[in-house]
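Student: sequence and predicted model, in that order:
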Amino acid sequence: MHNLWMDGADLSQRPPLAADTEVDVAIVGAGYTGLWTAYYLRRLAPELRVLLLEAQYAGFGASGRNGGWCSAELPASLVTLASRHGRPAAIAMYQAARDTLDEIERVVADERIDCGWSRDGSLRLARDEGQLARLDAALAEEREFGIEDGWRPIGTDALAVPRLRAAAFTPHCAAIQPGLLARGLARAVVSRGAQLAEGTQVTELAPHLVRTRCGSTVRARTVVRATEAYTRSLRGQARRVAALHSHVVATEPIPAAAWRETGWPGRATGLELRALFPYLQRTADDRLVIGGRSLGYRFGSRSGPGDPRVWEILRATIGDLFPALAQAAIDHRWSGVLGAYRDFEPRVSYDRETGLAQAGGYVGDGVALANLAGRTLAALITGADRPEARLCWAGPPARNWEPEPLRFLAIRTLGRLARSADEREQAGRRAGLRGKIVTAALS
């Protein structure tokens, strides 16, 4: 079994970098962050020579392995952002994330990228007392910050989800086929004059310099690190980003009658408000895609094969959430890594003196945030007077994670606490201190 999103996609690679070269901007990584940065650089300053370097093929990493949400969500809460940057800055960041959906929708239409875009919104499901408390807190947070068109409670009678206590809906989310978005965006970037070298492993970044495994070098006025969870492969950067593992399964196409029995509204995405929440979407060809269920981490932020136990948990979760779909066969399953900075807050950084730039730390919310990061980086690099460059996430890089084995022990302990908190709440007990620790660490 393999990744649904790349099943049948054209994965033919563009030629690797063959010789030393010099450009204005070298971007390392051709996932969403690198692709969007190149796209907006070419729009803002078409005279710039822009080169993307990708170890595999465009969209190989998290950009082509996620759950297919294009969501306005932020990994850091409004309260957390306000405590670090002030209330106006937090609200501006929140609004910019929501406006990003309109921007991506516009580009998808302009560039004729067929990625199954469906803006049917998203649901949050609460099925026990702990989840209900988290839902109430999220709704109260938006009210406190004056957010009037965000999440709102909805009736649950139409949803055939067992033990459902409450639900909320937001229009600010689209379901997509993320692999086709990545591959389509790569074509758009190349058509706008950027160069994309696939199959080119970068080993080291330095001011105005990129070194590759094949021995060729790139000299550039600006070097952008857009490697997210794969940053550990770059010399000297193993502690920049923690690579967290997520797993996804996809069913066979499900008959319309079974979908009607669930009461699920269109192609809305959804999640259950556990600490280790499952996230889901209904695809354009009527499959159920469901992912999550772990806070997996391998020593040294290494990536690797998926965990069969997590796939089995996801399989069981389908029947738990949707009894009408319990017998649907699984015909795709895959895993991948997502990036997290030390404080679980995404950032965009640019040092004009060294020419070094970077963006990431989306903690799973990168489908939309990478577009905003690309616009932010393009504005910072070109000096354009754009509102994205004034957002609170534009600033110095995040501090490094602790060295191993401290990082491994901390993240794995957090994962165990989250699983324990979920188990206690499912059994009708309070998560207690472990729940408070998990909430504080991830918000």
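Tutor: Alright, I've got the coordinates.
Student: how close does W5 get to R430?
Tutor: Counting by Cβ to Cβ, to the nearest Å, the gap from W5 to R430 is 39 Å. For glycine as for every other residue, the C-beta is placed from the backbone atoms N, C-alpha and C.
Student: and these two? Which one has more around it.
Tutor: Ranked by neighbour count (other Cβ atoms under 10 Å), W5 and R430 place W5 first, with 30 against 13.
Student: so V108 sits against C115, correct?
Tutor: Yes: the pair V108 / C115 is scored as a contact, 6.3 Å apart, by Cβ atoms under 8 Å.
Student: need the residues touching each of those two.
Tutor: In terms of Cβ atoms under 8 Å, 6 or more residues apart in numbering, V108 and C115 are both contacted by the residues L181, G184.
Student: and for H208, the neighbour number?
Tutor: H208 sits with 16 neighbouring residues when counted by other Cβ under 10 Å.
Student: for it, give me the pLDDT.
Tutor: H208 is assigned a pLDDT of 98 by the prediction.
Student: same thing with the one 4 residues further on?
Tutor: According to the model's per-residue confidence, T212 sits at a pLDDT of 97.
Student: sec struct for G34, please.
Tutor: In three-state terms, and counting by DSSP: H, G, I helix; E, B strand; the rest coil, G34 is helix.
Student: which residues touch it?
Tutor: G34 sits next to I27, V28, L52, E54, V224, A226 when contact means Cβ under 8 Å, 6+ apart.
Student: and what of G150?
Tutor: E142, T170, H172.
Student: let me know the closest of the residues you listed to D320.
Tutor: The closest of the contacts of G150 to D320 turns out to be T170 (Cβ to Cβ; 23.5 Å).
Student: against S71, how distant is the closest residue to the closest one other than its chain neighbours?
Tutor: Leaving aside its sequence neighbours, T170 sits nearest to W151 (Cβ to Cβ, 6 or more residues apart in numbering; 4.8 Å). W151 is 12 Å from S71, where distance means Cβ to Cβ.
Student: domain map for the chain?
Tutor: According to automatic domain parsing, the chain is divided into the following domains: 4-67+179-241+343-390, 122-170+244-340.
Student: and the shortest one, end to end?
Tutor: Terminal residues of domain 122-170+244-340 are spaced 23 Å apart (Cα to Cα, to the nearest Å).
Student: same question, stretch 381-392
Tutor: Taking Cα to Cα, stretch 381-392 runs 17 Å from one end to the other.
Student: swap in stretch 6-26?
Tutor: 26 Å.
Student: returning to that earlier point: deepest of the domains of the chain, which one?
Tutor: domain 4-67+179-241+343-390 (a mean of 21; mean count of other Cβ atoms under 10 Å).
Student: run the chain-centre distance for it.
Tutor: A distance of 15 Å separates the centroid of the chain from that of domain 4-67+179-241+343-390, by Cα atoms, centre = their mean, to the nearest Å.
Student: about what we covered before: which single one of the contacts of G150 is nearest to L442?
Tutor: Lowest distance from L442 to the contacts of G150 (Cβ to Cβ) belongs to E142, with 18.2 Å.
Student: quick one, what contacts the closest one?
Tutor: Applying Cβ under 8 Å, 6+ apart to E142 gives the contacts L78, G150, W151.
Student: wait, a strand at it?
Tutor: No: the assignment for E142 by three-state DSSP gives helix, which leaves it out of any strand.
Student: pLDDT weak spots in the stretch 1-150 of the chain?
Tutor: Residues of the stretch 1-150 of the chain meeting the criterion pLDDT under 70: 1.
Student: correct me, but R386 touches A379?
Tutor: Yes: here R386 reaches A379: they are 3.7 Å apart, a contact under Cβ under 8 Å.
Student: greatest separation within the contacts of G34: which pair is it?
Tutor: Of all pairs drawn from these, the one with the longest distance (Cβ to Cβ) is E54 and V224, at 12.6 Å.
Student: one step back: need the contacts of G34 in TSV with secondary structure and distance to Q95, can you?
Tutor: Formatted as TSV, the contacts of G34 follow (DSSP: H, G, I helix; E, B strand; the rest coil; distance: Cβ to Cβ, whole Å):
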residue	secondary structure	distance to Q95
I27	strand	27
V28	strand	30
L52	strand	29
E54	coil	32
V224	strand	25
A226	coil	24
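Student: how about the nearest residue to L414 once chain neighbours are set aside, secondary structure?
Tutor: Leaving aside its sequence neighbours, L414 sits nearest to A441 (Cβ to Cβ, 6+ apart; 5.6 Å). At A441 the chain is in helix, as set by three-state DSSP.
Student: show the pLDDT at A441.
Tutor: Looking at A441, its pLDDT reads 71.
Student: how many neighbours does it have?
Tutor: 16.
Student: and it, how far is that from A324?
Tutor: To A324, A441 is 36 Å away according to Cβ to Cβ.
Student: and for A238?
Tutor: With distances taken as Cβ to Cβ, A238 is found 46 Å from A324.
Student: fine, thanks again, bye for now.
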